[in-house]
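Novice: Model the structure of this input:
(one chain, ligands or ions: 1)
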Amino acid sequence: MGFLHKIFVASGFLLIGLTTNAQKKSISQQVDSLLQLMTLEEKVGQLNQYTGRELTGPGSDKNTNKIKDIRAGLVGSMLNVKGARETREIQEAALQSRLKIPLLFSLDVIHGYKTIFPVPLAEAASWDLDAIGLSARIAAREASASGIHWTFAPMVDIARDPRWGRVMEGAGEDTYLGSLIARARVLGFQTNKLGGTDAIMACAKHFAAYGAAIAGRDYNAVDMSDQMLWETYLPPFKAAADAGVATFMNSFNTLNGIPATGNKYLQRDILKGKWNYRGFVVSDWGSIGEMLPQGFAKDQSDAAFKAITAGSDMDMESRAYKGSLVQLVKDGKVAVTLINDAVKRILYKKFELGLFSDPYKFSDTTRELSVLNDPQSRVEARNMARKTLVLLKNGKSVTGSSILPLQKSGQKIALIGPLGKATRDLEGGWIVKTDSNNVVTIFEGIRNKIGTGPLYAKGTDIAGNAVTGFNDALAAAKEADVIVLAIGESWDMSGEAKSRTSIDIPGQQMALFRAMKATGKPVVAVVLAGRPLTINELADSADAIVYAWFPGTEGGNAIADVLFGDYNPSGKLPISFPRNTGQIPVYYNHNNTGRPVTNPKNIIYKSAYIDAPNTPLYAFGYGLSYSNFSYSDLKLSNTDLSKNGKIVLSFTLTNTSKRAGEEVVQLYLRDLVSSVVRPVKELKDFKKIMLAPGESRAVDFTVDREKLSFYNQQLEWVAEPGEFEIMIGTSSDNILLSTKINLTANK
Ligand code: GLC
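Specialist: Got it, this is the predicted structure:
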């Protein structure tokens, strides 16, 4: 590049820098200027969020108090209003207010808007951060075309208890994987700069530790040490904040006796203080008002006072701010500076989205029509769904060949079970659109694959005691060479307020399985669920198991792609599968005890159960492939790690099969002696690698001081000198290479 060219380019960057800086400064200035014009009532209005489902569509009433409040400038945001036309209509009401401050339209776009992607826990099973980011990107593109500015996602709650139905919405039990996925989802929704018409604000939720609800019962109290909070539950939120997440949502639970909504430690000391977070916090639905039954606030005014003081900026549907904040300021109980700070945070985002310059930029019906009918979205939904499927078992047929993949011809298939032709169930929870007609069922997926419909019988319902369908199922099975049994949960057995004391496969489905097994035909179980289920009997007796979670709009095609080998399964479990609920919580990165079980046959006076092993049925990181892989030749650049150094580990991964396939190689480590005991292993890196048949490839991991660090008893982030075990494996319970490294004293 010539000298003049360099000058030109440099000045260009300088100009962009100044402009951006000036633009950024101008947003702050514009916020400050607008704030000075606002009355106290209008300021409190910006902190008020209503749901608006009933305000649009047939039979809607335009003369409700909500619309009056919107016209009066007493509402800052609406949730559950969707559609380019519908949002424009409500925005027009907001633009009739004195200062014409546009509304933020928000919605739970959790795993797709019109094109439904697999539920988030399923996407975590892909271990494919690019694919996860793309899924969020497509969801944002569709939602923004329908007038949505802001999604209440990603949910980044670590969850180790599958009795809790919301485990479906997160990324599973691991903090490292969960943090990377949090970042990928935030950037997928927002891109790296808000302001475009296909970038929407994301929301890191539920702050914080909601996934640790006692007994897995939703909305229940959470009690944990600061060590556990900082070590396990906060990092994904910090990763979201570092990725620039525009908003946070607090949580319904109390944390150590203090409701998250009224928790100054969480929202001011950590989030807005230590992390210097500049976005805004929305309360979860009614959570401000819920501080009354929690026994933390005596009335609505007290709740409003405690929430605004603790750093909750926007009030979702409790009406406490609208009802009490103005008076609290007038009575001198709440400083107007607190209100101003919250309002500025919210206005900043509205400017950043460009809503002041064009309040209708997301409400373009022409764009909506084209984006929502883009066939590429379904192609990507199918690609993602295939990556999420986890092959848990693949037995041998009588001829010695593997049961899966199935043959596309010459093999008569019977599809049995209540989820074989299910549509809505394949989408899972948190679906905001209204029809499921565009879902590809498992039946249709198989038919698309082999050209003719398989034999089919429902057999039984998902729940209940109906067995009258067994005869049809037996008749179909009798004609078949192989049975595909589609069983599991209905979509509404997982998700919010769907805690279960038993996580068995419900109803008579396992009785149906036994009846199918009794025919002597091979049975391939395809399990649909939003959580781990206790599937011990399937593990023992099914000939093959594909865990399909809730795979979304293209679920049937994706499942058929795996069943017939057009896609080689690559999913790995992001959460441990307990053998029974008595084991819960069971997770891979547990601390050791003074009496570890080293020989399962000798558990006398060991930390063990007398009626079940300690180990889960399926471990975190587990998942089979149609290929096989070997791990060999582990080498280290050095075994001693100095303070600012690093160690490069390399090994050879080989695909020893005749089929191309992907392997997720996982790096775990253990601090062998430390001032606070450390888990027996922690995931610290992974790579998903595609290898051709017979191909070998060198794989490198780098270990540095950061990967050896943890929170000590004083909650300082430290790496302590000493020995560490490094483990590389195909699953947390299948380590294939290991070695030791040494962190030398602080030199
Ligand atoms: C809820 C959920 C939260 C959701 C909000 C708005 O009750 O806890 O995740 O975003 O309501 O629908």
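Novice: In the protein, what residue lies closest to the ligand?
Specialist: F152 (3.3 Å; Cβ to the nearest ligand atom). Where C-beta positions appear, they are placed from N, C-alpha and C, glycine not excepted.
Novice: so how far is P574 from the most centrally placed residue in the chain?
Specialist: Computing the C-alpha centroid of the chain and ranking residues by Cα atoms, centre = their mean puts G170 first, at 3.0 Å. Using Cβ to Cβ, to the nearest Å, G170 is found at 9 Å from P574.
Novice: what's the answer for P532, then?
Specialist: 10 Å.
Novice: again with L369
Specialist: Taken as Cβ to Cβ, the span from L369 to P574 is 36 Å.
Novice: Neighbour count for the two, which is higher?
Specialist: The neighbour comparison of L369 against P574 (other Cβ atoms under 10 Å) goes to P574, with 29 against 11.
Novice: How about that one: what's its closest non-neighbour residue?
Specialist: G172 (3.1 Å; Cβ to Cβ, 6 or more residues apart in numbering).
Novice: which residues do G170 and P574 both contact?
Specialist: By Cβ atoms under 8 Å, 6 or more residues apart in numbering, G170 and P574 have these common neighbours: L121, A124.
Novice: quick one: the strands in the stretch 251-400 of the chain?
Specialist: 254-255, 258-259, 280-282, 315-316, 390-394 (DSSP state E, counting those that start in this stretch).
Novice: okay if I get those as JSON lines plus mean neighbour count and mean pLDDT?
Specialist: Output for those, formatted as JSON lines (neighbours: other Cβ atoms under 10 Å; pLDDT from 0 to 100):
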{"stretch": "strand 254-255", "mean neighbour count": "23", "mean pLDDT": "98"}
{"stretch": "strand 258-259", "mean neighbour count": "23", "mean pLDDT": "98"}
{"stretch": "strand 280-282", "mean neighbour count": "28", "mean pLDDT": "99"}
{"stretch": "strand 315-316", "mean neighbour count": "28", "mean pLDDT": "98"}
{"stretch": "strand 390-394", "mean neighbour count": "22", "mean pLDDT": "99"}
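Novice: Quick one, which of the ones you listed gets closest to T581.
Specialist: strand 390-394 (19.0 Å; Cβ to Cβ).
Novice: how about the CA coordinates for whichever helix or strand comes after that closest one, as PDB?
Specialist: Next helix or strand after strand 390-394 toward the C-terminus (DSSP states H and E): strand 413-416. C-alpha atoms of strand 413-416 as PDB (Å, rounded to 0.1, in the frame of the first residue of the first chain):
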ATOM      1  CA  ILE A 413     -39.900 -49.800   8.800                       C
ATOM      2  CA  ALA A 414     -42.700 -49.400  11.400                       C
ATOM      3  CA  LEU A 415     -42.900 -46.000  13.000                       C
ATOM      4  CA  ILE A 416     -44.600 -46.500  16.400                       C
END
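Novice: Which strands and helices lie in contact with strand 413-416?
Specialist: Using 3 or more Cβ pairs under 8 Å, 6 or more residues apart in numbering; DSSP states H and E as the contact test, the elements touching strand 413-416 are helix 442-450, strand 455-457, helix 470-479, strand 482-488.
Novice: Need the winner for burial among those.
Specialist: strand 482-488 (a mean of 27; mean count of other Cβ atoms under 10 Å).
Novice: still on that earlier bit, pretty sure the residue nearest to P574 contacts A124?
Specialist: Yes - G172 is within contact range of A124, at 5.0 Å (criterion: Cβ atoms under 8 Å).
Novice: got any residues that touch both of these two?
Specialist: G178, P574, I575.
Novice: In TSV, list the strands of the stretch 251-400 of the chain along with distance to L266.
Specialist: Formatted as TSV, the strands of the stretch 251-400 of the chain follow (distance: least, Cβ to Cβ, whole Å):
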stretch	distance to L266
strand 254-255	7
strand 258-259	8
strand 280-282	9
strand 315-316	17
strand 390-394	34
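Novice: Pull out the buried positions in stretch 532-540.
Specialist: P532, L533, T534, I535, L538, A539 (16 or more other Cβ atoms under 10 Å).
Novice: How confident was the prediction at the fourth one?
Specialist: So the one you mean is I535. Listed pLDDT for I535 reads 98.
Novice: who's in contact with it?
Specialist: Contacts of I535 by Cβ under 8 Å, 6+ apart are I505, A525, V527, I545, F577, L617.
Novice: Could you list the residues of the stretch 151-300 of the chain in contact with the ligand?
Specialist: For the stretch 151-300 of the chain, the residues in contact with the ligand (Cβ under 6 Å from any ligand atom) are F152, K205, D284, W285.
Novice: right, and the second one touches V156 too?
Specialist: Yes - the pair K205 and V156 passes the contact test of Cβ under 8 Å, sitting 7.1 Å apart.
Novice: Domain map for this structure?
Specialist: Under the assignment automatic domain parsing, the domains of the chain span 381-563, 629-743.
Novice: what distance separates the start and the end of the last one?
Specialist: The first and final residues of domain 629-743 sit 31 Å from each other (Cα to Cα, to the nearest Å).
Novice: quick one: Y360 from F105, how far?
Specialist: Y360 is 11 Å from F105, by Cβ to Cβ.
Novice: More neighbours: which of those two?
Specialist: Comparing Y360 with F105 by other Cβ under 10 Å, the one with more neighbours is F105, at 28 against 15.
Novice: List the residues that contact the more buried one.
Specialist: Counted by Cβ under 8 Å, 6+ apart, F105 has contacts 77-79, 81-82, 87, 90-91, 147-150, 362.
Novice: Sheet partners, orientation included, of the strand or helix carrying it?
Specialist: According to DSSP H and E, F105 maps onto strand 104-107. Sheet pairing of strand 104-107 (DSSP bridges) gives strand 77-79 (parallel), strand 150-151 (parallel).
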